[in-house]
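J.: kindly generate the corresponding structure for this input.
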Amino acid sequence: MSKTSILFVCMGNICRSPTAEGVFRHRAEQAGLALDIDSAGTHAYHVGNPPDQRSMQHAHKRGYDLSAQRARQVSAMDFEVFDHILAMDHENLAILTSRCPAPYQHKLGLFMQYATRSDSDIVPDPYYGGAQGFDQVLDYVEDAADGLITMLQTCNRDKV
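T.: Next comes the predicted model:
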């Protein structure tokens, strides 16, 4: 049986989606889940670059290492190979929806649909703001990551 695969998507793949990838990878490993986890951007602004320094610094303070990640753009193949493609906001979800072939539309969603402690349905972009925005991203991402892990654990139990 192949591993469940999850792709986190924001605009440039340097703030929100690499944070989601790093947090989710860490928490999934702690939960004993073997998953394929990646992140990408809907735009090619930062392809090949590491995550934003502020994202890496704030993540590091909470024990997450994003330093090995490099930005990439969502590819046509991603729609086929990933089981879940989770956008950080409505704008990026709309872009994914417009690019995604009809047979794979069911894979698309908002990451925050898994959150249980936050009322927000999006992870806001911290790029043009201050330090508090990066902490807020981490708060939201940790919340949604915990909810997604719970959902995956429940699905795995149901398969047994």
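J.: report the buried residues of stretch 3-16.
T.: For stretch 3-16, a neighbour-count test (16 or more other Cβ atoms under 10 Å) marks 4-16 as buried. Every residue, glycine included, has its C-beta placed from N, CA and C.
J.: just stretch 33-40 next, same as before
T.: If you call a residue buried by 16+ other Cβ under 10 Å, then stretch 33-40 has these buried ones: 33, 35, 37-40.
J.: let me see the mean pLDDT of that stretch.
T.: On average, the pLDDT along stretch 33-40 is 97.
J.: just for the chain, where's the confidence low?
T.: Along the chain, segments meeting pLDDT under 70 span 1, 157-160.
J.: redo the buried residues of stretch 3-16 as a markdown table? Include distance to residue 135 and secondary structure.
T.: Converted to a markdown table, these look like this (distance: Cβ to Cβ, whole Å; DSSP: H, G, I helix; E, B strand; the rest coil):
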| residue | distance to residue 135 | secondary structure |
| --- | --- | --- |
| 4 | 29 | strand |
| 5 | 29 | strand |
| 6 | 23 | strand |
| 7 | 24 | strand |
| 8 | 18 | strand |
| 9 | 21 | strand |
| 10 | 17 | strand |
| 11 | 20 | coil |
| 12 | 19 | coil |
| 13 | 20 | coil |
| 14 | 17 | coil |
| 15 | 12 | coil |
| 16 | 13 | helix |
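J.: can I get these in a markdown table with distance to residue 60?
T.: Converted to a markdown table, these look like this (distance: Cβ to Cβ, whole Å):
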| residue | distance to residue 60 |
| --- | --- |
| 4 | 27 |
| 5 | 26 |
| 6 | 22 |
| 7 | 23 |
| 8 | 18 |
| 9 | 23 |
| 10 | 19 |
| 11 | 23 |
| 12 | 20 |
| 13 | 18 |
| 14 | 15 |
| 15 | 14 |
| 16 | 16 |
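J.: how about residue 121, what does it touch?
T.: 90, 110, 112-113 (Cβ atoms under 8 Å, 6 or more residues apart in numbering).
J.: can you pick the most crowded of these?
T.: Counting neighbours by other Cβ atoms under 10 Å, the top entry in the contacts of residue 121 is residue 112, with 21 neighbours.
J.: can I assume that residue is in contact with residue 122?
T.: Yes. The pair residue 112 / residue 122 is scored as a contact, 5.8 Å apart, by Cβ atoms under 8 Å.
J.: now the common contact residues for those two.
T.: Joint contacts of residue 112 and residue 122 (Cβ under 8 Å, 6+ apart) are residue 88.
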